[in-house]
Each structure stands twice: as structure tokens, then as C-alpha cells.
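Trainee: My questions concern the predicted model and sequence given below.
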Amino acid sequence: MKIIPSLEKLKTELIARGLKPTFQRLKVLEYLKQNKTHPTAEIIYEHLSRKIPTMSITTIYNTLNIFLKKGLLSAITITGKEIRYDYNSSPHHHFLCTHCGRIIDINLTCPYTDGKKKVIAGHRIEEVHGYFKGICKDCLKKEAKQKKSNNV
């Protein structure tokens, strides 16, 4: 199997985490790296199975679980209904647009993710999740445009 240069970095990343760089793992990781939309396992499967008919939903779930355990990804449960996956596993926050459903990365300084504070009231912090919900700027623009056209 010839690996194209863009996959070479992903292959190195998998090996560095002690994972065998199988074709399926490389394709799942490549998809997540290229699509910053915080997809579900089903969305990843729908996309990859069109190009790789032998790819199963079970393979997707197993691959995502291994990636989570190895710290390659983070899981986002902002919607409360589904798990979304994020290639950016460094601490950051997310914004959920309640109109269009888009999840957007938000980079804010958090005193509990800067490596200094690891304890709150004697409790050890292992994860911090910052979720914001509201209307994204694109939906606000559309809303304003609609109001303007309705007033004309």
C-alpha cells in the first residue's frame, strides 16, 4: 500500500500512539482532520462507506473508541442526544447553534485548562467541558436579512 504524503503524518501519529496504521484507521483519522464539523460516527460512516464499501459502522465505532482511549480525539456531547468527535483534542470550548445545529470551536482562556489549576475544592480535575448554546453569526445574519426583506 502506497501512502500519499498527507497520510504519512497521520501514519506517524498513529505509530507514536502505539497504534497500527491500518487503512481504515488512516481514513477515519484523515476524515476527522479534514472535516472540522464535529461529525457523529454515522456521518463518518456515510461518507467513508461511499468510497470504501467494505467499511462497516462497527469498524468506525471501534476505531473512534481506540482513538479516544489513545487521546487522538475528544468526544463532544453538547447536544445531549449524540456523541460528536473532534480531531482537536486540546482543551477548548464549543458553541452549538440552536438554529442550524452547527458546532463551532471556541478558543477561550480557561483557568482550569491552562495546566496550573488541577484541583477545585480538593477535587482533582480530569476533564473540563465548556459548552455554549445560542445562535451563530451566520444564522443571525440570515435572520437580519429576512427581517429586512420582510419590512420592505
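Mentor: Sure thing, it's come through.

Trainee: From here on, just use CA atoms for contacts and neighbour counts.
Mentor: Fine.

Trainee: thinking residue 61 is in contact with residue 41, fair?
Mentor: Yes: using Cα atoms under 8 Å, residue 61 makes contact with residue 41 at a distance of 6.4 Å.

Trainee: Those two: who's more crowded?
Mentor: Legend: neighbour count by other Cα atoms under 10 Å for residue 61 and residue 41, higher for residue 41 (20 against 16).

Trainee: for that one, what are its contacts?
Mentor: Residues near residue 41 by Cα atoms under 8 Å, 6 or more residues apart in numbering: 57, 60, 61, 64, 83, 84, 85.

Trainee: what's the distance between residue 74 and residue 53?
Mentor: According to Cα to Cα, to the nearest Å, residue 74 and residue 53 sit 26 Å apart.

Trainee: okay, these two: which has more neighbours?
Mentor: Neighbour totals were compared for residue 74 and residue 53, and residue 74 leads with 19 against 9 (other Cα under 10 Å).

Trainee: how about the more buried one, phi and psi?
Mentor: phi -130, psi 150 (degrees, to the nearest 10).

Trainee: Tell me the bridge partners for it.
Mentor: For residue 74, the beta-bridge partners are residue 86 (DSSP bridges).

Trainee: That one is in contact with residue 85, isn't it?
Mentor: Yes: taking Cα under 8 Å as the definition, residue 74 is a contact partner of residue 85 at 5.9 Å.

Trainee: related to what we said a few turns ago, buried only: go through the contacts of residue 41 for me.
Mentor: Among the contacts of residue 41, those classed as buried by 16 or more other Cα atoms under 10 Å are 57, 60, 61, 64, 83, 84, 85.

Trainee: I'd like those written out as TSV, with secondary structure, pLDDT and distance to residue 126 added.
Mentor: As requested, these are exported to TSV (DSSP: H, G, I helix; E, B strand; the rest coil; pLDDT from 0 to 100; distance: Cα to Cα, whole Å):
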residue	secondary structure	pLDDT	distance to residue 126
57	helix	98	30
60	helix	98	26
61	helix	98	24
64	helix	98	20
83	coil	96	19
84	strand	96	20
85	strand	97	19
